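Asker: Pasting a predicted model and its sequence here:
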Amino acid sequence: MGEFDAAGDVVSGALLGRAVEQRHGEAHAEHGGLCLNCGTALVGPHCHRCGQVGHVHRTIGAIGHEILHGVVHFDGKLWHTLPLLFFRPGQLTRRYIHGERAYFVSPMAMFLFSVFTMFAVLQIMGISPPAEIGTDQFRQGLVFATKKTEDKLADVKAARATAEPGSERARRLDRQVTGLTDELQRLRTAPVSIGNTRFIGNTKTGWARLDKGIEKASKNPGLALYKLQTNSYKFSWALIPLSIPFVWLLFAWKRQYKGYDHAVFVTYSLAFMSLLFILLTLAGALGLSGGNIALVALTAPPLHIFFQLKGAYRLRGWSALLRTIVLLWLITFVVLIFGLLLLTLGLVG
């Protein structure tokens, strides 16, 4: 049933995006006749009085037609938007801000579609933490890791015994022995009870709701991770208002740029990051090496931010580069705040 749920997420995201998408430039209606909603004589593809499209479907296939438009078509807007979003994000952002709306999917519609699709792909690919990791499971994993490290240490020591003293191979094996010995010591002294792990421990922040979320995560981190993943798309919209003030800081002294401009920038950027994650996930499933995936994951986001800043705000290269560096640093605060939001809202309730 997971695949059906995931497909439902894609359709839900697309239809939600469709609900907030502007209808300009989409109609393919017939001219003439009367509006079927208010009876006004039509002089174009839309009724100038109530705004309804002049041509409406009345077949069983119309439902599928609407879903198809919502999921992959957006009446042609998607195919105008995606190339610019990936390769000329600054141009897309600037053009949308300055009024070119008829041929582009709006930032919010693009964001909703990409986020719901991303979580649907995760579900289809079976990428999720285990829902239950209790103390027994943790103890078993600890025992397994300890035994594996002991065996590897024994193999390295045996190889070291045959190595020529003073050789480069002997020095390399000595370093491995030291590292494995330290790792084995950490495993042997690790706490068995998940509730007392060093990661969470008995942390108290004084914020009752956050402390309750921490307590739940400490008792069963696997379940906590599972709930955070399954619920995070519900709160993903919060990334937009959380990010806008940090982008505003980069242009606080430039009054020609308004909050709306930053909102468009942030929303398109988040949509791109979601779509990039989808592509990398699918590439991994198709067998692309982890090194290549990591290279793209590390280089594509900052490059995209750089070119989007440069094009959207008409910056010089050095100015866009400086702002990109600062923004990448500020993103860590956004992620931290969003994580706390998920911890309080995603686990408590």
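Answerer: That came through, no problem. Numbering: from 1, shown residues only.

Asker: hang on, residue 101 is in a helix, isn't it?
Answerer: No. Counting by DSSP: H, G, I helix; E, B strand; the rest coil, residue 101 is not found in a helix; it is coil.

Asker: now the helices for the stretch 51-200 of the chain?
Answerer: Using DSSP state H, counting those that start in this stretch, the helices found in the stretch 51-200 of the chain span residues 61-68, 77-87, 89-97, 107-125, 135-162, 168-188.

Asker: okay, those in TSV with distance to residue 272 and mean pLDDT next?
Answerer: C-betas here are computed from N, CA, C, even on glycine. Compiled in TSV, the helices of the stretch 51-200 of the chain are given as follows (distance: least, CB to CB, whole Å; pLDDT from 0 to 100):
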stretch	distance to residue 272	mean pLDDT
helix 61-68	24	54
helix 77-87	6	90
helix 89-97	6	95
helix 107-125	8	82
helix 135-162	37	78
helix 168-188	39	85
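
Asker: Format those helices as a markdown table; extra columns: mean neighbour count and distance to residue 285.
Answerer: As requested, the helices of the stretch 51-200 of the chain are exported to a markdown table (neighbours: other CB atoms under 10 Å; distance: least, CB to CB, whole Å):
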| stretch | mean neighbour count | distance to residue 285 |
| --- | --- | --- |
| helix 61-68 | 12 | 25 |
| helix 77-87 | 17 | 20 |
| helix 89-97 | 22 | 26 |
| helix 107-125 | 23 | 6 |
| helix 135-162 | 13 | 26 |
| helix 168-188 | 13 | 31 |
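
Asker: With respect to residue 309, which of the ones you listed lies nearest?
Answerer: Closest of the helices of the stretch 51-200 of the chain to residue 309 is helix 89-97, at 6.9 Å (criterion: CB to CB).

Asker: elements contacting that closest one?
Answerer: The contact analysis (3 or more CB pairs under 8 Å, 6 or more residues apart in numbering; DSSP states H and E) places helix 89-97 against helix 77-87, helix 259-285, helix 290-312.

Asker: before we move on, back to that, okay, the helices of the stretch 51-200 of the chain in JSON lines with distance to residue 252 next?
Answerer: Putting the helices of the stretch 51-200 of the chain into JSON lines (distance: least, CB to CB, whole Å) gives the following:
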{"stretch": "helix 61-68", "distance to residue 252": "44"}
{"stretch": "helix 77-87", "distance to residue 252": "27"}
{"stretch": "helix 89-97", "distance to residue 252": "18"}
{"stretch": "helix 107-125", "distance to residue 252": "22"}
{"stretch": "helix 135-162", "distance to residue 252": "48"}
{"stretch": "helix 168-188", "distance to residue 252": "46"}
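
Asker: Quick check: which of those is nearest to residue 236?
Answerer: helix 107-125 (4.9 Å).

Asker: and residue 152, what does it touch?
Answerer: residue 180 (CB atoms under 8 Å, 6 or more residues apart in numbering).

Asker: Likewise for residue 111?
Answerer: 17, 237, 240, 267-268, 270-271, 274.

Asker: Look up how far residue 172 lies from it.
Answerer: The spacing between residue 111 and residue 172, counted by CB to CB, to the nearest Å, is 49 Å.

Asker: and if you look at residue 325?
Answerer: Residue 325 is 37 Å from residue 172, by CB to CB.

Asker: ditto for residue 95
Answerer: Separation of residue 95 from residue 172 (CB to CB): 56 Å.

Asker: With residue 147 instead?
Answerer: As for residue 147, its distance to residue 172 is 24 Å (criterion: CB to CB).

Asker: Residue 180 now?
Answerer: As judged by CB to CB, residue 180 and residue 172 stand 13 Å apart.

Asker: now do residue 88
Answerer: Residue 88 is 48 Å from residue 172, by CB to CB.

Asker: Could you do residue 281 as well?
Answerer: Separation of residue 281 from residue 172 (CB to CB): 36 Å.

Asker: And for residue 282?
Answerer: From residue 282 over to residue 172 the distance is 38 Å, taken as CB to CB.

Asker: low-scoring stretches of this structure, by residue?
Answerer: Applying pLDDT under 70 to the chain flags the ranges 1-32, 54-76, 126-142, 190-231, 233, 343, 345-349.

Asker: longest single helix anywhere in it?
Answerer: Across the chain, the helix with the greatest residue count (assigned by DSSP state H) is helix 317-347.

Asker: Give me the neighbour count for residue 338.
Answerer: Neighbourhood size, residue 338 [other CB atoms under 10 Å]: 17.

Asker: Done for today, thanks.
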